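A.B. asks: Sequence below, structure please.
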Amino acid sequence: MKNTLGNSITVTLFGESHAKAIGAVIDGLAPGIEVDEEFIAAQLDLRRPVGAISTPRVEADKFEILSGVFEGKTTGTPVCIVIPNENTKSKDYSEIRCKARPGHADFTAFQKYHGFEDYRGGGHFSGRITAALVAAGAIAVLALRKKGINIGTHIARCAGVNDINFSNLDEDISALNKKEFAVLSDAFGEDMKNAILKAKQDGDSVGGILETAVTGMPAGVGEPWFDSVESVLSRAMFAIPAIKGVEFGAGFSISDMKGSYANDPFKIENGEIVTLSNNNGGINGGITNGMPIIFRCAVKPTPTISKNQQTVDFINMQNTEILAGGRHDPCIVHRARVVVDSVTALVLCDILATRFGTDWLA
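C.D. replies: Residues are numbered from 1 along each chain as shown. Modelled structure (predicted):
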């Protein structure tokens, strides 16, 4: 029962949605890496619910760093971050203990943990746990920025509404990281919000696509075969609740291209080797080629909706129906983008430390 990600730099998650706290332990960080608590708080703010398009459950997320940091720098020992759970309503879940909410992990968790799992609010499977990933990831994001590596994600599509494409990556990333609703076109962002509200009024939910760009990654990082950059990033992305698909560069559309178009021709520009296109998303043979890493994540609609759904009572083995209560998001796409950024940063720190040594990040 593993809850740890990474090799040279590892992150272990703990806690449940309605437990006393959630948190993360980061091990393998070099001593001397800056830890800016104001920046961690700002990153957590980007994950916080936003008005009527989000859940009414709003947590303060007043994190505490218990170890591994002294006078604003990592000490080289494990960093433990704890975030208390304060705004819980566990009684909302007592009546549906034995009912499998469609799209949730209630039944599979019961099968794996034999009924001993904390089922309240989804327990350890809850999106609430991603707050710990964001807090841990904030340290990684800042460490990468100081090495000239920047990460940004926009809502490429939500509720059937498309955002515009990336143009000037570094400028776009800088602008996105200041927005609570991360779109490149604010006009399309308003259309998305209206579509989310319409779904909420209908008792339903919507999903979308997040597109992430990473600039400044050096060439030669990653491994062939099983620890390719695509492999490790995809594995980490699929750990984020609601992520159901990942594609790099041109993604599935590359299958319709001819090789003469899909290939990314090389050239020397200002003394550096670059490619004229980026259909492969900055990765060749599982290893970075120095171009921006581009990938997209498909986010499914929030599974808890205000509609009667067919399900089962998995304890009494009966067919039944369910109308889920509690407080839930009609869409989590806008809140998930900082989670994607954070997990991306943690993965990149790990593979960079594997390539250049842990002290490279300090």
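A.B. asks: residue contacts, the spatially closest residue to residue 123 that is not a sequence neighbour?
C.D. replies: Spatial nearest neighbour of residue 123, excluding adjacent residues (Cβ to Cβ, 6 or more residues apart in numbering): residue 16 at 4.4 Å. Every C-beta, even on glycine, is put in place using the N, C-alpha and C of the backbone. Taking Cβ atoms under 8 Å, 6 or more residues apart in numbering, we find residue 16 in contact with 22, 118, 120-121, 123-124, 126, 129.
A.B. asks: Flag whichever of those scores worst on pLDDT.
C.D. replies: Model confidence across those bottoms out at residue 121, which has 78.
A.B. asks: how many neighbours does that residue have?
C.D. replies: 23 (other Cβ atoms under 10 Å).
A.B. asks: can I assume it is in contact with residue 17?
C.D. replies: Yes - Residue 121 is within contact range of residue 17, at 3.3 Å (criterion: Cβ atoms under 8 Å).
A.B. asks: Quick check: the gap between residue 198 and residue 12.
C.D. replies: To residue 12, residue 198 is 40 Å away according to Cβ to Cβ, to the nearest Å.
A.B. asks: So which of the contacts of residue 16 sit within strands?
C.D. replies: Residues from the contacts of residue 16 lying in strands, with DSSP state E as the criterion: residue 22.
A.B. asks: Counting neighbours, which of the contacts of residue 16 comes out on top?
C.D. replies: Of all the contacts of residue 16, residue 22 has the most neighbours under the rule other Cβ under 10 Å, reaching 27 neighbours.
A.B. asks: Backbone dihedrals for the residue nearest to that residue when sequence neighbours are not counted, please?
C.D. replies: Excluding its sequence neighbours, the residue lying closest to residue 22 (Cβ to Cβ, 6+ apart) is residue 15, at 3.1 Å. Residue 15 adopts backbone torsions of phi 110, psi 170, taken as degrees, to the nearest 10.
A.B. asks: repeat for the one 4 residues further on
C.D. replies: Reported as degrees, to the nearest 10, the phi and psi values for residue 19 are phi -80, psi -180.
A.B. asks: Please name the residues that touch it.
C.D. replies: Per Cβ under 8 Å, 6+ apart, neighbours of residue 19: 85, 118.
A.B. asks: Show the pLDDT at residue 92.
C.D. replies: 60.
A.B. asks: Could I get the full set of helices for the protein?
C.D. replies: Per DSSP state H, the chain carries helices over the ranges 37-47, 106-113, 130-145, 169-176, 186-201, 229-237, 259-262, 333-356.
A.B. asks: By mean pLDDT, show me the worst of the ones you listed.
C.D. replies: Among the helices of the chain, helix 106-113 has the lowest mean pLDDT, at a mean of 92.
A.B. asks: hang on, the earlier thing: now the contacts of residue 16 as a markdown table including distance to residue 177?
C.D. replies: Converted to a markdown table, the contacts of residue 16 look like this (distance: Cβ to Cβ, whole Å):
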| residue | distance to residue 177 |
| --- | --- |
| 22 | 24 |
| 118 | 34 |
| 120 | 33 |
| 121 | 29 |
| 123 | 31 |
| 124 | 29 |
| 126 | 25 |
| 129 | 22 |
